[in-house]
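Enquirer: This is the structure alone, sequence omitted:
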């Protein structure tokens, strides 16, 4: 049974999401010497989500994490560095789950399903980091970390293309631009996840993973069939 939560989060649910966020950081920074770094990031995440990116200051993060300004600057250089570190942590964890799902794919449709499943499962388990990504992505794109973010996105797309290219039936989608394929695949899932994170809907995204995956596959097939029809008309086969 997939869990769902009321629009107003309970204290227990908030503690659960905080725990999941902490576990994400522990996966990425498992070393004992990274304890302070994890705490600063965890508390910074809480501050950013509660007060916003602009309002949150280094001093607020220092007070919440019971660290020092010197320690924060040592690990992250500035507030933009903290924001970037949190965004990259979220993207790296998301990528890890996505690769696990993709490695289990046995067909092109499985690949499409894996992309959907990994996305909605991750958002459902990491609502704090997912919300932060929505808040901070543009900020990082305007910062000195823009190139790093662009490279991560490029690497993600290359890996997805590599998985897709393993299957011969990808030829049926050859006329669809790759950037459009990615949008068609993830668009509806992303829209629902945004609605869930903003408390506009109740059920967790992963409750609809199968329907979202099927819808993504159907949209690709439908567009592919349209291109085939257009090609036939241009070649005179339908005259």
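Expert: Ah, there it is. Because the structure is predicted, anything quoted here is derived from the model rather than measured.

Enquirer: What ranges does the chain have for its helices?
Expert: 11-28, 35-51, 58-65, 69-76, 79-103, 108-125, 127-141, 146-164, 178-197, 209-235 (DSSP state H).

Enquirer: Out of those, point me to the one whose mean pLDDT is lowest.
Expert: Out of the helices of the chain, helix 209-235 stands lowest, with a mean of 76 (criterion: mean pLDDT).

Enquirer: and residue 181, how many neighbours does it have?
Expert: By the criterion of other CB atoms under 10 Å, residue 181 has 21 neighbours. Yep, even glycine has a C-beta here, placed from its N, CA and C like the rest.

Enquirer: Equivalent analysis for residue 131, please.
Expert: The burial count for residue 131: 20, using other CB under 10 Å.

Enquirer: now residue 85
Expert: For residue 85, using other CB under 10 Å, the count is 22.

Enquirer: With residue 176 instead?
Expert: For residue 176, using other CB under 10 Å, the count is 15.

Enquirer: Likewise for the one 4 residues further on?
Expert: For residue 180, the tally of surrounding residues (other CB under 10 Å) stands at 13.

Enquirer: picking that back up, please identify the most buried of the helices of the chain.
Expert: With neighbours defined as mean count of other CB atoms under 10 Å, the helices of the chain peak in mean count at helix 108-125, which reaches a mean of 22.

Enquirer: now that one against helix 79-103, angle please.
Expert: Interaxial angle, helix 108-125 versus helix 79-103 (axes from the mean of the first three to the mean of the last three CA atoms, to 10 degrees): 140 degrees.

Enquirer: closest to residue 172 out of the helices of the chain?
Expert: helix 209-235 (5.0 Å; CB to CB).

Enquirer: I'd like the helices of the chain laid out as TSV, including distance to residue 171.
Expert: Listed next are the helices of the chain as TSV, based on distance: least, CB to CB, whole Å:
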stretch	distance to residue 171
helix 11-28	38
helix 35-51	44
helix 58-65	51
helix 69-76	46
helix 79-103	20
helix 108-125	10
helix 127-141	33
helix 146-164	11
helix 178-197	13
helix 209-235	10
